[in-house]
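Student: Here's a sequence, model it:
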Amino acid sequence: MVDTRFHRFVGPIALGALLAQVGRNDLVGSLSNPDHLITGVSELALAGPGDLALAAQPSYVEELRRTAAGAVLIAPALRDAAPAGTILVALDKPHNLFADILDTLYPSSTRAIIAAGRDDLGAPIFERDVTLGANVVVGPGVEIGRGTVIGANTVIGAGVTIGRNCIIAANCTIDCAHLGNDVVLHSGVRVGTEGFGWLDLGRSNRKIPQLGRVIIQDRVEIGANSTIDRGALGDTVIGDGTKVDNLVQIGHNCRIGRNCLIAAMSGLSGSTILGDGVLLGGGVGTSGHLTIGAGTVVHGRAAVTKDWPAGSKLAGAPAQDIRDFWRELATTRKLSKGEKQG
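Tutor: Numbers count the residues shown, from 1 in each chain. As a prediction, the model looks like this:
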């Protein structure tokens, strides 16, 4: 669900009234219970009885079958997969209406890096031996643990929490995030930036509100000028002990396991999942919405476009088993030499 430390919620509101507010009175009459109270918005897997969730395409079916959401915006073809008793708002392109609802329930004015008017979060809290460099900006409700050092010109957004004995270098920005203990962010790191999510692609390019968080667990190190986008609704997670090199892009809703190593210039598209101990060489890219199993090694410049099981060794673009990669390369060289000799 959306963390209201970072995004103020203007509800609760009855589902029928919410639809009327976004200009969709035509859908109210089809509701089994228009008075159902919406107390938040969440992903299908995490939603509860007061939450509104989205099921827009077939990839949502398994989570839809198990959801506890009270109401779901749903593509008509998926209706039969919804649990009995769930209030369904069925329409074509439900993602567009979902974006309208998110903008209504969590106004964009609450999503600034230093949210205005968040006096409800209270003053920042610092444990002892916290060091702040010159020109550090700390938003309301921030909590910083003992022994942490914050470098010059760093900006920490409202509600952010930072654990103990962390080193946050100069010129970082941290928003919509919770950091564990012994975390190191090198200069210029951006944590909690908006994810790259759009509707009506190539035409209006409408932004999908990005209302999730970034969770950085203990002993994580992030290299200079790397960027970690917050989730769209859920979390982007960096697991214990993972080390990320300079100039790495981690997209929204990625989940990176424990003790992974990600070399410079790599880019992980949204909803990429890395198991524990995955090693990515320099310049690796992923196409998103895929899983790379624990202990996998991906060699530099590989382009991962599908799921791979634990222990894989990958190379090439598109990425393939490294033995197939070398075999194809050797065959190509032989053919090339044969043509020259002929």
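Student: What does the pLDDT read for residue 339?
Tutor: Looking at residue 339, its pLDDT is 58.
Student: need the helices for this protein, in chain order.
Tutor: Ranges of helices in the chain, per DSSP state H, are 15-21, 61-66, 94-105, 322-341.
Student: For these, give me TSV that also has distance to residue 200.
Tutor: To be clear about C-beta, it is placed using only N, CA and C from the backbone, and glycine gets the same treatment. As requested, the helices of the chain are exported to TSV (distance: least, C-beta to C-beta, whole Å):
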stretch	distance to residue 200
helix 15-21	21
helix 61-66	24
helix 94-105	8
helix 322-341	38
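Student: any chance of the ones you listed in TSV, with distance to residue 312 and mean neighbour count too?
Tutor: Listed next are these as TSV, based on distance: least, C-beta to C-beta, whole Å; neighbours: other C-beta atoms under 10 Å:
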stretch	distance to residue 312	mean neighbour count
helix 15-21	45	19
helix 61-66	24	15
helix 94-105	33	19
helix 322-341	9	11
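Student: Check those helices for me: which has the lowest mean pLDDT.
Tutor: helix 322-341 (a mean of 86).
Student: Need the contact partners of it.
Tutor: Applying C-beta atoms under 8 Å, 6 or more residues apart in numbering, the contact partners of helix 322-341 are 299, 313, 314, 315, 316.
Student: Could you count how many residues lie near the fourth one?
Tutor: A count of nearby residues for residue 315, using other C-beta atoms under 10 Å, gives 20.
Student: which residues pair with it across the strands?
Tutor: Judged by DSSP bridges, the bridge partners of residue 315 are residue 320.
Student: how close does it get to residue 301?
Tutor: Per C-beta to C-beta, to the nearest Å, residue 315 is found 8 Å from residue 301.
Student: got it, and the second one?
Tutor: Using C-beta to C-beta, one obtains 15 Å as the distance from residue 313 to residue 301.
Student: Ok, which of the helices of the chain comes nearest residue 219?
Tutor: Each of the helices of the chain has some distance to residue 219 by C-beta to C-beta; the shortest is helix 322-341, at 29.5 Å.
Student: give me the beta-bridge partners of residue 229?
Tutor: Beta-bridge pairing for residue 229 (DSSP bridges): residue 193.
Student: For residue 35, give me its contacts.
Tutor: Neighbour list for residue 35: 14, 15, 16 [criterion: C-beta under 8 Å, 6+ apart].
Student: Please convert these to a markdown table, extending it with distance to residue 171.
Tutor: Shown next, in a markdown table, are those (distance: C-beta to C-beta, whole Å):
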| residue | distance to residue 171 |
| --- | --- |
| 14 | 46 |
| 15 | 44 |
| 16 | 48 |
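Student: Quick check: of the residues you listed, which lies closest to residue 88?
Tutor: residue 15 (10.8 Å).
Student: The closest one and residue 87 touch, don't they?
Tutor: Yes - Residue 15 is within contact range of residue 87, at 6.6 Å (criterion: C-beta atoms under 8 Å).
Student: Next, show the common contact partners of those two.
Tutor: By C-beta under 8 Å, 6+ apart, the residues touching both residue 15 and residue 87 are 31, 33, 36, 71.
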